[in-house]
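Q: Quick one: sequence and predicted model below, then my questions.
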Amino acid sequence: MSECQHLHDCEFVLRYVARVKPHWDDFVSLYCRGVFQENCKRLEQLRELGSCPDPKLMPTGHRVPHVLDQDQT
Ligand code: SF4
């Protein structure tokens with residue numbers, strides 16, 4: 001599976017995966033570089049709306065847990 005073309009500018013990866021490292025590294029291996037890439041809700045929104053998804057939108061379609069978002073802008 002090829003790497004998602006948005007991996008290096010994906011706000012979810014840059015903000016949240018980096019922040020809780022290594023706990024969410026599976027998102028990168030399974031979605032950004034793996035077999036679930038075509039199921040990524042962020043990628044889906046990018047394609048459908050042509051706009052950058054909210055950073056808090058996870059590849060699963062869930063929102064990041066509130067506890068991770070308390071001091072984010
Ligand atoms: S989370 Fe989705 S949009 Fe972001 S880099 Fe990974 S596969 Fe691409």
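A: That came through, no problem.

Q: Please make it C-alpha for all contacts and neighbour counts, starting now.
A: OK.

Q: the helices in this protein, which residues?
A: 11-12, 18-19, 25-27, 41-49, 66-69 (DSSP state H).

Q: Can you read off the pLDDT for the residue lying closest to residue 57 once chain neighbours are set aside?
A: Distances taken as C-alpha to C-alpha, 6 or more residues apart in numbering put residue 63 closest to residue 57, at 4.9 Å, once the chain neighbours are dropped. Looking at residue 63, its pLDDT is 97.

Q: Same question for residue 71.
A: 60.

Q: quick one on the thing from earlier: I'd say the residue nearest to residue 57 and residue 53 touch.
A: No. If you go by C-alpha atoms under 8 Å, residue 63 and residue 53 don't touch, sitting 11.4 Å apart.

Q: Settle it for me: which of these two has more neighbours?
A: Higher neighbour count among residue 63 and residue 53: residue 53, with 18 against 13, using other C-alpha atoms under 10 Å.

Q: List the contacts of the more buried one.
A: 42, 45, 46 (C-alpha atoms under 8 Å, 6 or more residues apart in numbering).

Q: Quick one, which of those residues are buried?
A: residue 42 (16 or more other C-alpha atoms under 10 Å).

Q: Keep only those of the contacts of residue 53 that are also close to the ligand.
A: residue 42 (C-alpha under 6 Å from any ligand atom).

Q: closest to the ligand among the contacts of residue 53?
A: Closest to the ligand out of these is residue 42 (4.8 Å), distances taken as C-alpha to the nearest ligand atom.

Q: Could you list which residues are in contact with the closest one?
A: 53, 57, 58, 59, 61.

Q: what's the pLDDT at it?
A: The predicted local confidence for residue 42 is 98.

Q: Name the residues of the protein found near the ligand, please.
A: So the chain meets the ligand at 4, 6, 7, 10, 28, 31, 32, 37, 40, 42, 43, 59 (C-alpha under 6 Å from any ligand atom).
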